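# Just to be clear, the model below is a prediction. Sequence and coordinates:
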Amino acid sequence: MFRRRTPALPRTRALLTAGAVALAAACFAGPAGTARAAVPASPGVTYTNPLAEKRADPHIFKHTDGYYYFTATVPEYDRIVLRRAATVQGLATAPETTIWTKHASGVMGAHIWAPEIHFIDGRWYVYFAAGATDDVWAIRMYVLEGTGGNPLTAAWAEKGRIRTTWESFSLDATTFVVNGVRYLAWAQRNPAEENNTSLFVAKMANPWTITGTPAEISRPTLAWETVGYKVNEGPAVIQHGGRVFMSYSASATDANYCLGLLTASATADLTDPSSWTKSSQPVFKSNAATSQYGPGHNSFTVSEDGRSDILVYHDRSYKDITGDPLNDPNRRTRVQKLYWKADGTPDFGIPVADGVTPQRFSSDNLPDRFVRHWEYRARVEADVSPLADSQFRVVPGLAGSGTVSLESANFPGHYLRHKNFEVWVEKNDGTARFAADATFHRRAGLSDAAGVSYESYNYAGRYLRHYDHLLYVQAPSTATDRADATFHAQ
């Protein structure tokens, strides 16, 4: 059905393996032998960033009542706030309620940081860090308990401090359940170490009490974990494919702030430090091309249909900060889709540009292959790395209303455009010709109405399609052509 050729490009690799053929065959189920891919298990989602200005250390929790609940650090460091909305995007404009305010004196009187909201055994719990009025750096972890269906109107009570091994700087508590066992993960200064904080895990006796000896599972030792300050903090957990993944933040809270990743088997003893392995490089970091700096202190949630994992984090839109980053109020809450690699590990990609979040487009008849740019030539390929090569923002068409253009995620200002009917990713030069070549009409999929096809704006009847794994703008005439010109957003 498809001819093959080896492209004369560096980084060449086989594009149509026996395994891929088997996968494609398993997914094809169309009339009269026409190839037809299954609708993706995780369809495309789009949001608009930033979600919330001046909100750092964001945590978004989707409850069984269908609502999302959002809390974050406010720049005044003096209170805990909540928002509620039926959609992730709705949180951007949802009214904000203050559910708790710092004490006028004593403990819990300063530096109210990093709240997280959880629903455990029929009650709401908020975990947060706080200093004292007589020592703002005596940061410790505390818990609030809320009674009532809606946490914005719940009756909140202080359950007190989470006691750990030492009386030392501790913060960023999060809780998670693996195989029916509830754990707490947090960051704390180990007095025996010359750093700011390491990461710890312990089992829980109840939502405000740990049990057993805490396990130190990560300390900042790598070069990218120790820029400015030696920091491991802000743990967040997501489970997938029988493994537990814990992201965490490292280095100073400026443009050097980034995410690392710890991985353990879900069947392992999570309180055994040897059960965890650490990424050798950050999995999410500043990106000058998209103007996103210091991404970190993340959490995870799910899309409205429950079929996509969503990364929640904060960053800034500029690199240079005057004075202490903690006094800079402009960390913003942002969201984007989290993808999964073929080996079952998370692919964070890059912090995408402000505005609408990008999508990926899989081929209808080669469902494991995605539209991507490779040395600026557009093609379809499996196992794309880096992920951002296969991400495109669907934006208003450069040439006219009612149309769209496809902007590269990692090369903002560059678009898919046809040139001599070949499709390339090129920078917008501002000409009418470029605008027309980079503009398309979005149509229902020619081979599957659940998909999407893109018809050329200036050559009616010609569509984006793959041929020999390269993208062209051509007029489809056969069932194979129509399948080649049909894609699914993911």
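Yes, it's here. Numbers count the residues shown, from 1 in each chain.

# Using the three-state scheme, assign Gly90.
helix (DSSP: H, G, I helix; E, B strand; the rest coil).

# Thought Tyr68 was touching it, still the case?
Yes: look at Gly90 against Tyr68 with C-beta atoms under 8 Å: they come within range, at 7.5 Å. No exception for glycine: its C-beta is placed from N, CA and C like everyone else's.

# which one of those two has more residues nearby?
A direct count of neighbours by other C-beta atoms under 10 Å for Gly90 and Tyr68 places Tyr68 higher, at 22 against 16.

# Now the spatially most central residue of the chain: phi and psi?
With distances taken as C-alpha atoms, centre = their mean, the residue of the chain nearest its centroid is Leu311 (2.7 Å). Leu311 adopts backbone torsions of phi -90, psi 130, taken as degrees, to the nearest 10.

# What separation is there between it and Leu387?
As for Leu311, its distance to Leu387 is 12 Å (criterion: C-beta to C-beta, to the nearest Å).

# Dig out what the residue nearest to the centre of the chain forms beta bridges with.
Counting by DSSP bridges, Leu311 is bridged to Phe300, Gln336.

# ditto for the one 5 residues further on
Residues found in beta-bridge contact with Arg316 (criterion: DSSP bridges) are Tyr293.

# quick one, what contacts it?
By C-beta atoms under 8 Å, 6 or more residues apart in numbering, Arg316 lies in contact with Ala255, Gln292, Tyr293, Gly294, Asp328, Asn330, Arg331, Arg332.

# Can you give me the buried ones in stretch 268-278?
Neighbour counts using 16 or more other C-beta atoms under 10 Å place Leu270, Thr271, Pro273, Ser275, Trp276, Lys278 of stretch 268-278 among the buried residues.

# er, stretch 215-225 actually
For stretch 215-225, the neighbour count (16+ other C-beta under 10 Å) marks Ala215, Glu216, Ile217, Ser218, Arg219, Pro220, Leu222, Trp224, Glu225 as buried.

# Could you work out the most separated pair of the residues you listed?
Ala215 and Trp224 (23.2 Å; C-beta to C-beta).

# ok, back up a step: and the buried residues of stretch 268-278, which two are the farthest apart?
The widest separation within these (C-beta to C-beta) is 16.6 Å, between Thr271 and Lys278.

# SS state for the closest residue to Leu398 other than its chain neighbours?
For Leu398, ignoring the flanking residues on the chain, the nearest one in space by C-beta to C-beta, 6 or more residues apart in numbering is Ala435 at 3.9 Å. On the three-state scheme (three-state DSSP), Ala435 is labelled helix.

# what's the closest of the buried residues of stretch 215-225 to Ser286?
Trp224 (11.0 Å).

# What is the burial count for the residue lying closest to that closest one once chain neighbours are set aside?
Closest residue in space to Trp224, ignoring its immediate chain neighbours: Pro282 at 5.2 Å, by C-beta to C-beta, 6+ apart. Pro282 has 22 neighbouring residues, counting by other C-beta under 10 Å.

# Could you number the chain from 136 rather than 1 from now on?
I'll keep to 136 as the first residue from here, and by that count the last item is Pro417.

# which of the contacts of Arg451 has the most neighbours?
Neighbour tally across the contacts of Arg451 (other C-beta under 10 Å): the maximum, 31 neighbours, falls on Arg466.

# Among the contacts of Arg451, give me the pair with the biggest separation.
Pairwise distances across those peak at 15.2 Å for Gln427 and Asp463 (criterion: C-beta to C-beta).

# unless I'm mixing things up, His604 is touching Val506, no?
No: here His604 does not reach Val506: they are 10.6 Å apart, not a contact under C-beta under 8 Å.

# Compare neighbour counts for those two and give me the winner.
Between His604 and Val506, Val506 has the larger neighbour count (other C-beta under 10 Å), namely 26 against 20.
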